[in-house]
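A.B. asks: Just need the structure, nothing else, for what follows:
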Amino acid sequence: MKEIINTKEAPQPIGPYNQAIAAGGFLFISGQIALDAESGTLITDDIETETHTVLKNLKAILTEAGLTFDHIVKTTIFLSDMNNFSVINEIYGSYFTGNFPARETVEVSVLPKNVNVEISAIAISA
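C.D. replies: Numbers count the residues shown, from 1 in each chain. You can find the predicted model right below:
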């Protein structure tokens with residue numbers, strides 16, 4: 001069985017997918033970009049604000065599922081420019097309390113809506 005997790009506090013999917021799926025004791029969170037949940041506005045003014053917006057969207061989905069960043073066991077960070085890594089990495093780290101998940105970070109040629117960062121996550125839901 002799988003349970004669909006969606007919240008109005010995070011941007012609605014821009015394709016045929018859900019924000020997250022709970023299954024087998026895990027929560028699989030789709031890649032989040034810097035879309036404002038209320039207005040649908042893309043926030044790419046600077047990499048710091050963009051990264052915080054992505055992580056706030058992840059937090060909203062975790063909260064809807066009754067979880068926190070401490071429940072995350074794996075993330076994937078997609079960057080359009082690896083030169084932004086250190087800034088994104090510092091902001092990313094501030095959302096955890098030291099209980100860091102496994103992770104990979106990859107540079108890609110283009111991301112949805114031409115954003116600079118997208119992050120997906122897997123959390124323990126049980």
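A.B. asks: in the chain, which segments are predicted with low confidence?
C.D. replies: Residues of the chain that meet the criterion pLDDT under 70 lie in 126.
A.B. asks: in the longest helix along the chain, what counts as buried?
C.D. replies: Looking across the chain with DSSP state H, the single longest helix is helix 47-64. In terms of neighbour count (16 or more other C-beta atoms under 10 Å), helix 47-64 has its buried residues at 47, 50-62, 64. In this view, the C-beta of every residue, glycine as well, is placed from N, C-alpha and C.
A.B. asks: Which strands and helices lie in contact with it?
C.D. replies: strand 26-32, helix 85-93, strand 117-124 (3 or more C-beta pairs under 8 Å, 6 or more residues apart in numbering; DSSP states H and E).
A.B. asks: What lies in contact with that helix?
C.D. replies: Residues outside helix 47-64 that contact it (C-beta atoms under 8 Å, 6 or more residues apart in numbering): 5-7, 9-11, 19-20, 27, 29, 32-37, 43-44, 68-69, 71-72, 84, 87-88, 91-92, 95, 115-119, 121, 123.
A.B. asks: Quick check on the residues you listed: which are buried?
C.D. replies: Counted by 16+ other C-beta under 10 Å, the contacts of helix 47-64 give 5, 7, 10-11, 19-20, 27, 29, 32-35, 37, 43-44, 69, 71-72, 84, 88, 91-92, 115-119, 121, 123 as buried.
A.B. asks: May I have the phi/psi pair for residue 115?
C.D. replies: The phi and psi values for residue 115, taken as degrees, to the nearest 10, are phi -70, psi 170.
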